[in-house]
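**Q** no FASTA, just this:
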Ligand SMILES: Nc1ncnc2c1ncn2[C@@H]1O[C@H](COP(=O)(O)OP(=O)(O)OP(=O)(O)O)[C@@H](O)[C@H]1O
Ligand SMILES: [Mg+2]
């Protein structure tokens with residue numbers, strides 16, 4: 001079953017078509033990458049999927065249900081979690097307080113219960129704190145539990161923001177450039193954490209990411225956007241060697257970029273240098289990942305069958 005399916009998604013801002021007829025699919029337990037140069041429309045796609053923007057055309061399905069018009073807070077309650085490109089947390093609060101705030105959508109009590117049922121509320125707060133601490137442990141952030149987050153490095157904030165998204169118990173997690181602000185080592189660690197999260201919590205993910213080694217390490221499938229249109233899709237190796245993808249990232253024409261990739265056998269291809277250094281794959285191939293979870297998800301068709309217009 002697909003967890004997320006986007007069909008013919010289109011959004012215009014005045015004369016600008018920021019996304020033009022995008023189709024994409026994320027199956028259960030997959031980590032799917034969304035790549036593309038600056039301004040390609042990646043964050044806008046997230047905003048349409050999560051309900052912050054209203055698409056001009058097209059539909060968004062979550063677990064086979066049409067959620068195109070469902071507002072963001074209800075989508076969060078349905079199990080769609082997200083992080084933002086620019087960290088969105090309360091800088092004057094501690095890491096723990098931010099995680100407690102993030103759990104608001106699943107706290108299960110409001111002001112009347114807080115006044116009437118103090119015992120119940122205390123018990124619930126204990127549970128929420130334990131849940132927040134478990135997330136800090138899972139992300140290796142236990143040390144910053146009581147630190148006000150204002151002065152923390154950007155990479156740590158991005159990781160904590162991922163924790164805040166996890167705190168809502170999402171089934172689908174949308175991550176907007178989670179490795180920004182991280183060095184190569186931190187970014188490798190992040191890749192391992194994402195694979196762990198999938199293993200431990202069974203979360204399905206759609207990941208906006210520029211850092212090719214991370215995409216290669218964790219993604220089962222990748223979509224590449226350019227000027228709002230789908231430029232390429234496939235497994236990470238297929239996509240990063242795709243001449244038009246190389247051209248889009250290099251800012252040149254496809255034939256020129258292709259020429260740059262035509263190197264002797266013993267030299268690394270030019271696109272590797274242009275995009276990023278290759279790293280050893282640490283994610284299980286898609287089939288293995290599915291087998292580990294023993295789901296009966298249908299294998300992804302490549303190329304996907306043409307989807308019906310909505
Ligand atoms: N609310 C808005 N109003 C007008 N234009 C917008 C709005 N949101 C996005 N855009 C435009 O849509 C295009 C796509 O922007 P978007 O932020 O989705 O790109 P992106 O792929 O996330 O880029 P980056 O890698 O720089 O984050 C850009 O031209 C941007 O200026
Ligand atoms: Mg963006």
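**A** Now that the structure is in, tell me what you want to look at. Not measured: the values here are computed from a predicted model. Ligands and ions are numbered 1, 2, ... in the order given.

**Q** which non-adjacent residue is nearest the closest residue to ligand 2 within the chain?
**A** Residue nearest to ligand 2 within the chain: residue 43 (3.1 Å; CB to the ion). Quick note: C-beta positions are derived from backbone N, CA and C, even for glycine. Spatial nearest neighbour of residue 43, chain neighbours left out: residue 85 (5.4 Å); criterion: CB to CB, 6 or more residues apart in numbering.

**Q** secondary structure class of that neighbour, three-state.
**A** Of the three states, residue 85 takes coil under DSSP: H, G, I helix; E, B strand; the rest coil.

**Q** and the helices in the chain?
**A** Applying DSSP state H to the chain gives helices spanning 42-50, 72-78, 95-102, 111-116, 118-138, 154-166, 184-201, 212-218, 236-240, 243-250, 254-261, 270-275, 286-293.

**Q** would you single out the least confident of those helices?
**A** Lowest mean pLDDT of those: helix 270-275, a mean of 40.

**Q** in this structure the residue nearest to residue 43 contacts residue 175, no?
**A** No: taking contacts as CB atoms under 8 Å, residue 85 lies outside contact range of residue 175: 9.9 Å.

**Q** these two - which one has more neighbours?
**A** residue 175 (25 against 15; other CB atoms under 10 Å).

**Q** would you confirm that the more buried one contacts residue 203?
**A** No: taking contacts as CB under 8 Å, residue 175 lies outside contact range of residue 203: 10.2 Å.

**Q** do stretch 155-174 and ligand 2 meet at all?
**A** No: using CB under 5 Å from the ion, stretch 155-174 never reaches ligand 2; the gap is at least 11.7 Å.

**Q** which residues in that stretch does the neighbour count mark as buried?
**A** Neighbour counts over stretch 155-174 (16 or more other CB atoms under 10 Å) mark 155-168, 170-174 as buried.

**Q** got it, and stretch 44-60?
**A** 44-51, 53, 55, 58-60.

**Q** what residues does this protein have near ligand 1?
**A** By the rule CB under 6 Å from any ligand atom, the part of the chain lying against ligand 1 is 13, 16, 18, 36, 38-44, 85.

**Q** can you flag the buried ones in the residues you listed?
**A** For these, buried by 16+ other CB under 10 Å: 18, 36, 40-44.

**Q** now the two most distant members of those residues.
**A** Within those, two members stand farthest from each other by CB to CB: 18 and 36, at 11.7 Å.

**Q** state the distance from residue 122 to residue 169.
**A** Between residue 122 and residue 169 the computed distance is 21 Å (CB to CB, to the nearest Å).

**Q** typo on my end, it should be residue 228
**A** Distance, residue 228 to residue 169, using CB to CB: 32 Å.

**Q** swap in residue 13?
**A** Taking CB to CB, one finds residue 13 at 33 Å from residue 169.

**Q** on that earlier part again, possible to save the helices of the chain as JSON lines with distance to residue 30?
**A** Output for the helices of the chain, formatted as JSON lines (distance: least, CB to CB, whole Å):
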{"stretch": "helix 42-50", "distance to residue 30": "15"}
{"stretch": "helix 72-78", "distance to residue 30": "18"}
{"stretch": "helix 95-102", "distance to residue 30": "24"}
{"stretch": "helix 111-116", "distance to residue 30": "38"}
{"stretch": "helix 118-138", "distance to residue 30": "20"}
{"stretch": "helix 154-166", "distance to residue 30": "17"}
{"stretch": "helix 184-201", "distance to residue 30": "9"}
{"stretch": "helix 212-218", "distance to residue 30": "10"}
{"stretch": "helix 236-240", "distance to residue 30": "12"}
{"stretch": "helix 243-250", "distance to residue 30": "20"}
{"stretch": "helix 254-261", "distance to residue 30": "28"}
{"stretch": "helix 270-275", "distance to residue 30": "22"}
{"stretch": "helix 286-293", "distance to residue 30": "7"}
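
**Q** name the nearest residue to residue 194, sequence neighbours excluded.
**A** residue 218 (5.2 Å).

**Q** thought the one you found was touching residue 191?
**A** Yes: if you go by CB under 8 Å, residue 218 and residue 191 touch, sitting 5.0 Å apart.
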